[in-house]
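Colleague: When you get a sec, could you give me coordinates for this:
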Amino acid sequence: MLTFRFLPTALAAFALAGLTAASAVAATPAEPLDTRRAALPAGYAEVDGIAAVAGNQIITMGDLRRAVGSHLQSQSLVPTDAERPRSEADLRMQTLQSLIDSALVLQAAKDLGLSVEDKEVDDQVNGTRKKQGWSEKDMQQAVRRLGFRDLPAYRGHVRNELLRMQMLRVKLGARLRVTDEEVKRVIDQENGGGKYEDEVRSRHILVLVPADASPSEVARLREKAWKIHDEVMEGKKTFAELAEEYSDDHGAEEGDLGYLRRWTLDPTFANKLWSMQKGEISKVVQTPFGFHIIQMLDRRRAEVKDREVLEQFVRARLSEEQFVRLYRAWIEELRAATHIETRI
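Modeller: Residues are numbered from 1 along each chain as shown. Just a heads-up that it's a prediction; the model follows:
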């Protein structure tokens, strides 16, 4: 069975997610570069197509291709919709809107005079290389595999991600305040004053996405997940039968995860599951593990095992909800004050 994890604080989770995305290099070196590619004539520069313009920030088609292909998109600085669009056009547009939001944050950081030191970028890039045990050549190949022109282009991406994280901390971090009274109110309302908590039983079908998957492989696996979803909805076989046939979570017999408490699950998976009704089947949901189809089976109350853990989870959940509300309101302000032009 998959091992999920509880993230104790929302802001820490967002910070970790941003660093993960910023350092997202394939886990195995790419194929050797094609040395037959002709060099550009002197005085010429390679220009990528433009997908959108937000103020004076440009989002290139290369940026969009990388983001659409990345299975780390669900680990962006701010949560996106758990259910992923099926059509490539809808996915591209959803991803582009997320990139526009990120561009607005980056511009706000620059307007405020924030910056990232070269050493911070060096530490991030070198940390990734050492963690993977790569040589300099391996790193260059992996960067190209991700779709970046070269290592300097990847370093620019890392710098921008670190700058966006810094801006979010400056703009929103200090405004995140969840009081003990708010935590107590939720526990009184939802958990009988700390006596019980919900357990939900579910099944899922997992299409696992390897850490070193290329953008084309991620696209293939996403389409595979949607085809399995179609089979589920046809009803010719039961969800359990299809889970046995297709799911990459071999530890869950017939896809059955049993009764689990919300704080033991991956946040994206849990948020979707807890929004579902008994018997309901989700569309394709994306988490850091890959693509899931979820069936909600039952819900019951169970005695609270650890009051402290419950309080930590409720505080983290309220912090995340508050962060998202503040972020969305701020983004709407930035959008209203900025000329935005999409070109796809």
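
Colleague: check which helix or strand covers residue 321.
Modeller: Here residue 321, judged by DSSP states H and E, is contained in helix 307-336.

Colleague: Go through the helix or strand following that helix and flag the buried ones.
Modeller: Beyond helix 307-336 on the C-terminal side, the first helix or strand identified by DSSP H and E is strand 340-342. For strand 340-342, burial by neighbour count (16 or more other C-beta atoms under 10 Å) applies to residue 340. From N, CA and C alone the C-beta is placed, and that goes for glycine too.

Colleague: now strand 340-342, how far from the centre of its chain.
Modeller: Taking C-alpha atoms, centre = their mean, to the nearest Å, the mean C-alpha location of strand 340-342 is offset from the chain mean by 24 Å.

Colleague: From the rest of the structure, what touches it?
Modeller: By C-beta atoms under 8 Å, 6 or more residues apart in numbering, the residues outside strand 340-342 that reach it are 51-55, 96, 100.

Colleague: Apply 7 Å and report the result again.
Modeller: 52-54, 96, 100 (C-beta atoms under 7 Å, 6 or more residues apart in numbering).

Colleague: try stretch 85-95
Modeller: Taking C-beta under 7 Å, 6+ apart as the rule, stretch 85-95 contacts 64, 67-68, 73, 84, 226, 344.

Colleague: which two from the residues you listed end up farthest apart in space?
Modeller: Using C-beta to C-beta, the contacts of stretch 85-95 span at most 21.8 Å, a distance reached by 226 and 344.

Colleague: Give the residue from those two that has the larger number of neighbours.
Modeller: residue 226 (18 against 13; other C-beta atoms under 10 Å).

Colleague: quick one: what helix or strand has the more buried one in it?
Modeller: Residue 226 belongs to helix 215-234 when assigned by DSSP H and E.

Colleague: by contact count, what packs against that helix?
Modeller: helix 61-69, strand 196-208, helix 239-246, strand 290-303 (3 or more C-beta pairs under 7 Å, 6 or more residues apart in numbering; DSSP states H and E).

Colleague: Please repeat the previous calculation with a cut-off of 6 Å.
Modeller: strand 196-208, helix 239-246, strand 290-303 (3 or more C-beta pairs under 6 Å, 6 or more residues apart in numbering; DSSP states H and E).

Colleague: now those as JSON lines including distance to residue 265 and mean pLDDT?
Modeller: Putting the helices and strands packed on helix 215-234 into JSON lines (distance: least, C-beta to C-beta, whole Å; pLDDT from 0 to 100) gives the following:
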{"stretch": "strand 196-208", "distance to residue 265": "9", "mean pLDDT": "96"}
{"stretch": "helix 239-246", "distance to residue 265": "17", "mean pLDDT": "97"}
{"stretch": "strand 290-303", "distance to residue 265": "11", "mean pLDDT": "96"}
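
Colleague: Make JSON lines from those and add distance to residue 119 and mean neighbour count to it.
Modeller: Output for the helices and strands packed on helix 215-234, formatted as JSON lines (distance: least, C-beta to C-beta, whole Å; neighbours: other C-beta atoms under 10 Å):
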{"stretch": "strand 196-208", "distance to residue 119": "36", "mean neighbour count": "21"}
{"stretch": "helix 239-246", "distance to residue 119": "47", "mean neighbour count": "18"}
{"stretch": "strand 290-303", "distance to residue 119": "35", "mean neighbour count": "19"}
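
Colleague: Thank you, goodbye.
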